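Asks: Here's my sequence, what's the structure:
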Amino acid sequence: MNEKDLGAVSAVCLASFSKSVAGTLSEEGISTFSKIAASDAFLNRMKEDNLMLVAECDGEIEGVIELKEGCHVAMLFVEPEKQMKGIGRRLLSSALSYARVGTVTVSASLSSVPAYRKYGFECKGDIAESAGLIYQPMEIELNKSIQPTAIASAD
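Replies: As a prediction, the model looks like this:
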């Protein structure tokens, strides 16, 4: 991801969130996510220890993933019209190849839990809430039978 992608990345995140997650959250949760997905917030996180990758087709951003400190999937969003086409799976596979730990975590929105399960993540702990965002802690063991290559070939 480059600085020139910030507006498009923010728009993809907000469109996908609005379609799939926002209806299940309070106004506080929607406000919290809007701040996290804002272009300037992405720019600030680009300066930290975060890997940010985009999926692009014909110059258009179709999806984004953010891997925080090599161990936590902080964002994974695909343009709503482009979902269910393997874009999220490929983004995740690419990001996991940069993981610096054997176990990668994600705080999955409740609507995304089935997708993360398909990718090989398992629920760990109880559903939780932070600043209005409701999530299911999940993790994937990379040193077991599920490897990023297995995720990529499962399409």
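
Asks: which residues of this structure fall in helices?
Replies: According to DSSP state H, the chain carries its helices in the segments 6-20, 27-36, 39-46, 87-96, 113-118, 148-153.

Asks: what would these look like in a markdown table with mean pLDDT?
Replies: Converted to a markdown table, the helices of the chain look like this (pLDDT from 0 to 100):
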| stretch | mean pLDDT |
| --- | --- |
| helix 6-20 | 96 |
| helix 27-36 | 97 |
| helix 39-46 | 96 |
| helix 87-96 | 96 |
| helix 113-118 | 95 |
| helix 148-153 | 48 |
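
Asks: out of those, deepest packed?
Replies: The densest packing among those, expressed as mean neighbour count by mean count of other Cβ atoms under 10 Å, is seen in helix 87-96 with a mean of 21. (C-beta placed from N, C-alpha, C; glycine too.)

Asks: same for that helix, what does it pack against?
Replies: With contacts defined as 3 or more Cβ pairs under 8 Å, 6 or more residues apart in numbering; DSSP states H and E, the secondary structure elements packing on helix 87-96 are strand 50-57, strand 60-68, strand 72-78, helix 148-153.
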